[in-house]
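A.B. asks: quick one, structure for this:
(one chain, ligands or ions: 3)
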Amino acid sequence: MNNIAVLTSGGDAPGMNAAIRAVVRSGIYQDLNVFGIMQGYTGLIEDKFQHLKVSSVADIIHRGGTKLLTSRSEEFRTEAGRKKALANLRKHNIDGIVVIGGDGSFAGASKLAKLGMPVIGVPGTIDNDIPFTEATIGFDTAVNTVIDAINKIRDTATSHQRVWLVEVMGRSSGHIALEAGLAGGAETVLIPEVPKDLETVISKIKKGRRRGKLHNIIVVAEGVGSAMDISKDIESISGLQTKVTILGHIQRGGTPTAFDRVLASRMGAEAVKLLLEGKSNRMVGIANRAIQNVDITEALASKKEIDLEMYQLAGVLSI
Ligand SMILES: Nc1ncnc2c1ncn2[C@@H]1O[C@H](COP(=O)(O)OP(=O)(O)O)[C@@H](O)[C@H]1O
Ligand SMILES: O=P(O)(O)OC[C@H]1O[C@](O)(COP(=O)(O)O)[C@@H](O)[C@@H]1O
Ligand SMILES: [Mg+2]
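C.D. replies: Ligands and ions are numbered 1, 2, ... in the order given. Here you go, the predicted structure:
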């Protein structure tokens with residue numbers, strides 16, 4: 001193995017830069033040439049390769065976003081698109097590639113591996129919706145961004161004694177909502193993994209008010225549906241007035257936490273090690289603080305479960 005490549009794909013996540021840095025520097029440390037592919041699978045198809053040096057990844061460990069840029073590529077979903085991508089990898093004599101991205105990017109990566117290109121996946125998505133890893137790069141930072149927002153909303157919610165719905169990201173999963181809900185002391189957490197019951201939500205609000213509670217924070221994962229619609233339903237059933245804040249893409253930006261930087265550094269370096277060991281179609285993960293790796297196909301075949309005990313605890317602690 002002489003030449004390896006790295007790209008970021010799908011939604012950007014804080015810590016992706018730290019992962020890129022780790023791939024580049026541990027690759028160079030082990031005498032590899034490292035190429036960065038700009039704009040994810042789009043750049044792979046459009047031949048946007050750059051030879052990276054040690055200094056190419058200087059001053060990025062603390063930055064959100066991705067220096068390599070990212071994209072969602074429709075063309076890569078087609079066989080013709082993937083063949084173009086493979087031809088470019090061959091043209092640059094690439095012996096293996098590290099894909100930093102989420103579940104969709106891994107589905108693409110696995111197809112590339114089937115075409116004969118060694119591929120290692122590094123999980124980078126704020127959603128934390130990838131099985132066989134307790135954390136994905138960006139999740140911790142996103143959760144911290146959400147609790148910072150909840151703290152601020154709580155100040156004004158209390159002052160006006162308001163019911164507040166905070167909509168958070170998570171395309172089809174409730175990991176951000178649950179973790180931020182528990183850490184932010186939310187009264188109710190609505191996640192797609194658990195059927196929603198608005199009568200229970202409303203009776204909890206009313207019970208809280210009877211004990212003198214001055215605010216109600218309800219965290220809604222976007223995968224449940226629009227917080228705006230849910231607020232209208234709560235208002236029409238209960239007669240209560242509600243406010244809604246949709247946090248949106250603010251959750252994707254910002255400087256990564258120490259946790260995400262360390263995770264990204266370890267995972268990026270592990271990906272290079274796996275390529276050097278001749279592995280392919282593997283995904284790096286973390287369990288009990290140890291870096292591990294699993295087959296991507298196996299990972300994609302299963303769904304990451306939500307921690308129902310944590311969900312119940314969030315309910316108990318907000319009685
Ligand atoms: N089933 C698939 N086959 C091939 N490529 C895919 C597949 N699913 C996703 N991709 C590629 O991966 C890209 C990123 O996936 P996406 O789901 O948007 O983000 P993420 O990787 O963050 O989950 C897509 O734009 C597409 O190019
Ligand atoms: O920025 P976009 O393209 O609208 O995507 C929004 C989606 O991306 C995410 O922020 C991250 O998801 P992915 O990692 O799958 O891209 C989701 O939480 C959200 O639903
Ligand atoms: Mg995804």
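
A.B. asks: and G101, how far from ligand 1?
C.D. replies: Separation of G101 from ligand 1 (Cβ to the nearest ligand atom, to the nearest Å): 4 Å. Every C-beta, even on glycine, is put in place using the N, C-alpha and C of the backbone.

A.B. asks: same question, A135
C.D. replies: The gap separating A135 from ligand 1 is 15 Å, by Cβ to the nearest ligand atom.

A.B. asks: so who does that residue touch?
C.D. replies: Applying Cβ atoms under 8 Å, 6 or more residues apart in numbering to A135 gives the contacts N128, F259, L263, I286.

A.B. asks: go through these and name the one nearest F106.
C.D. replies: Ranking these by separation from F106, with Cβ to Cβ as the measure, puts N128 on top at 13.9 Å.

A.B. asks: can you spell out the domain ranges of this structure, please?
C.D. replies: 3-138+256-300, 142-252 (automatic domain parsing).

A.B. asks: just name the most buried of those domains.
C.D. replies: domain 3-138+256-300 (a mean of 21; mean count of other Cβ atoms under 10 Å).

A.B. asks: can you tell me which of the contacts of A135 are in strands?
C.D. replies: Among the contacts of A135, the members falling in strands (DSSP state E) are I286.

A.B. asks: now for the contacts of A135: which two are most distant?
C.D. replies: N128 and F259, at 12.1 Å, using Cβ to Cβ across those.

A.B. asks: and which of the contacts of A135 is nearest to ligand 2?
C.D. replies: Comparing the contacts of A135 against ligand 2 with Cβ to the nearest ligand atom places N128 closest, at 9.5 Å.

A.B. asks: the closest one contacts T141, doesn't it?
C.D. replies: No: counting by Cβ atoms under 8 Å, N128 stays clear of T141, with 11.2 Å between them.

A.B. asks: isn't there a strand covering V284?
C.D. replies: Yes: assessed with DSSP: H, G, I helix; E, B strand; the rest coil, V284 lies in a strand.

A.B. asks: bridged to I4, which residues?
C.D. replies: In this entry, I4 is beta-bridged to V34, G96, by DSSP bridges.

A.B. asks: so who does it touch?
C.D. replies: If you count contacts by Cβ under 8 Å, 6+ apart, I4 has them with 23, 27, 32-35, 94-98, 272, 275.

A.B. asks: and the pLDDT at it?
C.D. replies: What the model reports for I4 is a pLDDT of 98.

A.B. asks: just the contacts of A135: which are in helices?
C.D. replies: Among the contacts of A135, the ones falling in helices (DSSP state H) are F259, L263.

A.B. asks: take the contacts of A135 and write them to a markdown table, including pLDDT and distance to ligand 2.
C.D. replies: As requested, these are arranged in a markdown table below (pLDDT from 0 to 100; distance: Cβ to the nearest ligand atom, whole Å):
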| residue | pLDDT | distance to ligand 2 |
| --- | --- | --- |
| N128 | 97 | 10 |
| F259 | 98 | 18 |
| L263 | 98 | 15 |
| I286 | 98 | 17 |
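
A.B. asks: from the contacts of A135, which is closest to ligand 1?
C.D. replies: N128 (11.5 Å).

A.B. asks: list phi and psi for that closest one.
C.D. replies: Here is the backbone geometry of N128 (degrees, to the nearest 10): phi 50, psi 40.

A.B. asks: ok, it - contacts?
C.D. replies: Contacts of N128 by Cβ under 8 Å, 6+ apart are A135, T136, F139, S173, H175, I176, E179, K304.

A.B. asks: quick one, what contacts the residue lying closest to G138 once chain neighbours are set aside?
C.D. replies: In this structure, G138 finds its nearest non-sequential neighbour in A13, 2.6 Å apart by Cβ to Cβ, 6 or more residues apart in numbering. By Cβ under 8 Å, 6+ apart, the residues touching A13 are G102, G124, T125, I126, T136, I137, G138, F139, T141, A142, R252.

A.B. asks: out of the contacts of A135, which one sits closest to ligand 3?
C.D. replies: For those, the residue nearest ligand 3 by Cβ to the ion is N128; the value is 10.1 Å.

A.B. asks: if I look at that closest one, how far off is G43?
C.D. replies: 26 Å (Cβ to Cβ, to the nearest Å).

A.B. asks: equivalent analysis for E222, please.
C.D. replies: 28 Å.
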